[in-house]
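[1] No sequence on hand, only this structure:
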């Protein structure tokens, strides 16, 4: 059995958001006991001052994995490394620290260049702004651009109903180069 880090993130998203286990089973999974703060299949740790849930594994020869879930923010990180020394858990810590200290933008944009609302959205996303030209990219969790378009009016709507949660929207005003990135 094997999986990619993207598939693992998808699995942990379903697991942590009630799509796999009923409430009683999830409570058992997240009841952490003993000196290792271990539940059923995951453990609890304090990382950069936050309580996170983790699971990892190692195969002799260099393969190392680390899954990290931050219940406070909902951030899920999966690192798969195939090297010696394998430091997947340390990479997970650094990624969590970067995400916590450099948020991507979980808010509605309302600056003088343009506004994007509602955020989060699961249907139509409205982009309004000064008359001009705006480049729009929708990016998935792996960094792949899903949609590229250009808006040349002061009000446009983008249909995001077919997209899964966790994609990012990047809007750039062509004249000034001002860029806004939002997650929805």
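    Alright, I've got the coordinates. Quantities reported herein were computed from a predicted structural model and do not represent experimental measurements.
[2] Going along the chain, name the helices of this protein.
    Assigned by DSSP state H, the chain shows helices spanning 5-16, 23-29, 88-101.
[3] And the longest one, what's buried?
    Along helix 88-101, the positions that meet the burial threshold by neighbour count (16 or more other CB atoms under 10 Å) are 88, 89, 91, 92, 93, 95, 96, 100. In this view, the C-beta of every residue, glycine as well, is placed from N, C-alpha and C.
[4] Over to the first one?
    Residues of helix 5-16 classed as buried: 8, 9, 10, 11, 12, 13, 15, 16 (neighbour count, 16+ other CB under 10 Å).
[5] want to try a markdown table for those residues, with pLDDT as columns?
    Compiled in a markdown table, those are given as follows (pLDDT from 0 to 100):
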| residue | pLDDT |
| --- | --- |
| 8 | 87 |
| 9 | 86 |
| 10 | 87 |
| 11 | 90 |
| 12 | 90 |
| 13 | 89 |
| 15 | 92 |
| 16 | 91 |
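[6] Need the helices of the chain in a markdown table (columns: distance to residue 73).
    Shown next, in a markdown table, are the helices of the chain (distance: least, CB to CB, whole Å):
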| stretch | distance to residue 73 |
| --- | --- |
| helix 5-16 | 12 |
| helix 23-29 | 18 |
| helix 88-101 | 7 |
